[in-house]
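> I would like the atomic coordinates for the input below:
(one chain, ligands or ions: 2)
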Amino acid sequence: MIAKTRQIANIRRLTNSLPTVRYVNPEYVYIAITNARCGQGECYVKVGDKVKMGQVIGLRKGPFFEQPFHSTVSGEVVGFVKKFHRSGKLTEFVQIKNDMQDTEDESIKERTDEEIAKLTREDFVEITKNCSLVGLGGSSFPTYIKFQTTDPIDTICINGVECEPYLSADHRMIMEHPRRVIQGSLYALQAFKAKRVVICIKKKYQDLYDTLTAELTQFPGAPVEIHRVGNYYPQGWEIEMIKTGLGIKVPAGVLPAKLGVMVFNVSTVAGLWRAIKRNQPVMKRNFTLTGDGIKTPTNFRLRIGTSLTEVIAQCGGYINEDKNKVLILGGPMMGANLVRDDAVITKTCTSCIILDEKPEVEEPCVRCGSCVYSCPAGLQPVQIMQAVKNNDKDSIKNKLNIKSCILCGMCSYTCTSKIHLTEYCRKAKKLAM
Ligand code: SF4
Ligand code: SF4
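Numbering: from 1, shown residues only. Ligands and ions are numbered 1, 2, ... in the order given. Sure, this is the predicted structure:
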């Protein structure tokens, strides 16, 4: 097993200051019929159908919600193919040939500021559901469910921390589109009738602070604050961010909404801006491709449904092609290892990190306790590992509080014996189901 979190510590921060490159016209896009949250899906189009950009082409069904899915280009449906989803599962995708015309579906239309001012919380639910907006920081949690919250919300907290090392998609979103981030946050404020927006960013990013501060002069009187939080991992875990950024301690098992706080990622509020202003689903997203295994690390603006293979080619391909590579889709700490590079960029793919493989050998546990001290959720990773090895479902379910594990990767990263403890945590979560 490759200890990816340990390898990632050795690569440089490569892309933070690089401007975003647009690669938005692939010849084909691939739209998943199901995903990790929605195990069932129904597709409304067949081979030969013409589709428009933003047209609903099917419906995904999860255990407690539904999501329409959309074509992200205009063109023609040319097939149904199996490809790897970011969840690592082989999944059926609709293949659409891009006619490069970007002909928009009739449902995409601009709202005036007066129309937006009259929108109610129920309208926000409807719009974000129809636009299928989800948490774009990687959570993929449906945004309309957040807008259905009945708890009174006092503070809209925007997560601009992007705490996993080496990622820069959100960084570039703030640097290049601060207005969308701020305006989207103010739309959320309107929906919840909240009192303030707090945008949390890492202390060390002076460029983000300066950009947001300058942009805020265009919103006189807007109740938006910028809070600079710690530079450590996992500062972007919402419980940690709320504690540092707002001074509120959220007890285990309690939703932040119960304490009057609603959290959105920066890319999600930029997506909210587009949904409210243009009634437009998410067609494109920022994506970082980095690591010491590719020639030109790059920040991209990509069409949802683009093949990762194409994106790697845009970066000039692999360095040292004779060496095995480790591919991580998502952040280095919480992302998933890919076994092949023909995955598809979905709405929740923030990044891919490609490294030359440096195999590490696990050694026996020396009971140093590092994994326990480093766990932000206060768990006992070493005991979770033992329980998984013993198939002790009772302990996993009832004593070890595996539900509180956020799969942050810290236990693997700090383990003296290079044991991939987070994988045991992942298995424990499955056993506890
Ligand atoms: S992966 Fe889970 S057990 Fe390991 S440090 Fe993170 S929260 Fe704790
Ligand atoms: S950090 Fe690794 S070696 Fe140390 S107690 Fe945890 S599992 Fe054992």
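> Show me the shaky parts of the stretch 151-300 of the chain.
Judged against pLDDT under 70, the stretch 151-300 of the chain has no low-scoring part.
> Please enumerate the helices of it.
For the stretch 151-300 of the chain, the helices defined by DSSP state H, counting those that start in this stretch occupy 169-176, 178-192, 206-216, 238-246, 266-278.
> and those, which is most packed in?
Highest mean neighbour count of the helices of the stretch 151-300 of the chain: helix 266-278, a mean of 25 (counted as mean count of other Cβ atoms under 10 Å). Yep, even glycine has a C-beta here, placed from its N, CA and C like the rest.
> just checking, what packs against that helix?
Contacts defined by 3 or more Cβ pairs under 8 Å, 6 or more residues apart in numbering; DSSP states H and E place helix 266-278 against helix 121-130, helix 143-147, strand 155-159, helix 169-176, helix 178-192.
> coming back round to it: so which of the helices of the stretch 151-300 of the chain is nearest ligand 1?
Ligand 1 lies closest to helix 238-246 among the helices of the stretch 151-300 of the chain, at 10.9 Å (Cβ to the nearest ligand atom).
> by how many degrees do that closest one and strand 155-159 diverge?
Counting by axes from the mean of the first three to the mean of the last three Cα atoms, to 10 degrees, helix 238-246 points 110 degrees away from the direction of strand 155-159.
> Can you name every helix or strand that helix 238-246 contacts?
Contact partners of helix 238-246 among helices and strands, from 3+ Cβ pairs under 8 Å, 6+ apart: strand 155-159, strand 196-202, strand 224-229, strand 261-265.
> Which residues of the stretch 251-400 of the chain lie near ligand 1?
Listed as neighbours of ligand 1 in the stretch 251-400 of the chain under the rule Cβ under 6 Å from any ligand atom: 374-377, 379, 381.
> Could you export the helices and strands packed on helix 266-278 as TSV, including distance to residue 278?
Listed next are the helices and strands packed on helix 266-278 as TSV, based on distance: least, Cβ to Cβ, whole Å:
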stretch	distance to residue 278
helix 121-130	10
helix 143-147	16
strand 155-159	20
helix 169-176	17
helix 178-192	11
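> which one of these lies closest to residue 280?
Among the helices and strands packed on helix 266-278, the nearest to residue 280 by Cβ to Cβ is helix 121-130 (10.1 Å).
> So what touches that closest one?
67-68, 107, 119, 142-144, 147-148, 187, 191-192, 272, 275-276, 279, 281 (Cβ atoms under 8 Å, 6 or more residues apart in numbering).
> swap the cut-off to 6 Å and go again
143-144, 147-148, 191, 275 (Cβ atoms under 6 Å, 6 or more residues apart in numbering).
> Quick one: neighbours of residue 425, just the number.
Per other Cβ atoms under 10 Å, the neighbour tally for residue 425 reads 26.
> I'd guessed it sits against residue 406; true?
No - using Cβ atoms under 6 Å, residue 425 makes no contact with residue 406, being 9.3 Å away.
> For residue 402, see how far away the spatially closest residue to residue 333 that is not a sequence neighbour is.
Once flanking residues are discounted, residue 333 sits nearest to residue 409: 3.6 Å by Cβ to Cβ, 6 or more residues apart in numbering. From residue 409 across to residue 402, the span is 15 Å (Cβ to Cβ, to the nearest Å).
> Give me the more crowded residue out of those two.
Using other Cβ under 10 Å as the criterion, residue 409 and residue 402 rank with residue 409 on top: 27 against 24.
> is it true that that one touches residue 420?
No - contact criterion Cβ under 6 Å: residue 409 and residue 420 do not qualify, at 9.5 Å.
> circling back to that earlier point, turn the residues of the stretch 251-400 of the chain next to ligand 1 into TSV, including neighbour count and pLDDT.
Below are those laid out as TSV (neighbours: other Cβ atoms under 10 Å; pLDDT from 0 to 100):
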residue	neighbour count	pLDDT
374	16	93
375	22	94
376	18	91
377	20	91
379	20	94
381	26	96
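> Going by distance to residue 43, which of those wins?
residue 377 (38.8 Å).
> strands paired with whichever helix or strand residue 67 is part of, and their directions?
Under the criterion of DSSP states H and E, residue 67 resides in strand 66-70. Strand pairing for strand 66-70, determined by DSSP bridges: strand 56-61 (antiparallel).
> The strand it pairs with: which residues count as buried?
If you call a residue buried by 16 or more other Cβ atoms under 10 Å, then strand 56-61 has these buried ones: 56-60.
> now do stretch 231-239
Within stretch 231-239, judged by 16+ other Cβ under 10 Å, the buried ones are 233-239.
> How about stretch 421-431?
Neighbour counts using 16+ other Cβ under 10 Å place 421-425, 427-429 of stretch 421-431 among the buried residues.
> so how far is it off the chain centroid?
Remark: stretch 421-431 is offset 21 Å from the chain centroid, using Cα atoms, centre = their mean, to the nearest Å.
> Kindly export it (C-alpha atoms) in CSV.
The C-alpha coordinates for stretch 421-431 follow below in CSV (Å, rounded to 0.1, in the frame of the first residue of the first chain):
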residue,chain,number,x,y,z
LEU,A,421,-4.6,3.8,9.4
THR,A,422,-7.0,5.9,7.4
GLU,A,423,-7.7,2.9,5.2
TYR,A,424,-8.7,0.9,8.3
CYS,A,425,-11.0,3.8,9.3
ARG,A,426,-12.6,3.6,5.9
LYS,A,427,-13.1,-0.1,6.3
ALA,A,428,-14.4,0.4,9.8
LYS,A,429,-17.1,2.8,8.5
LYS,A,430,-18.2,0.2,6.1
LEU,A,431,-18.3,-2.5,8.8
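> Help me see whether that stretch makes contact with ligand 1, please.
Yes - judged by Cβ under 6 Å from any ligand atom, stretch 421-431 comes into contact with ligand 1 through 421-422, 425.
> For that stretch, what does the pLDDT average out to?
Here stretch 421-431 scores 93 as its mean pLDDT.
> What lies in contact with it?
The contact list for stretch 421-431, computed with Cβ under 6 Å, 6+ apart, reads 371, 381, 384-385, 388, 393, 396, 402, 405, 407, 409, 411-412, 415.
> before we move on, what about stretch 64-84?
29-31, 45, 47, 49-60, 90, 92-93, 95-99, 101-103, 132, 142, 281, 283, 303-305, 343-344.
> try stretch 179-193
The contact list for stretch 179-193 (Cβ under 6 Å, 6+ apart) reads 121, 124, 147, 153, 156, 158, 174, 197, 215, 266, 269-270, 272-273, 276.
> Skipping its backbone neighbours, what lies nearest the residue of the stretch 101-250 of the chain found nearest ligand 1 in space?
Here the stretch 101-250 of the chain gets closest to ligand 1 at one residue, residue 234, 7.7 Å apart by Cβ to the nearest ligand atom. In this structure, residue 234 finds its nearest non-sequential neighbour in residue 408, 4.9 Å apart by Cβ to Cβ, 6+ apart.
> Noted, bye for now.
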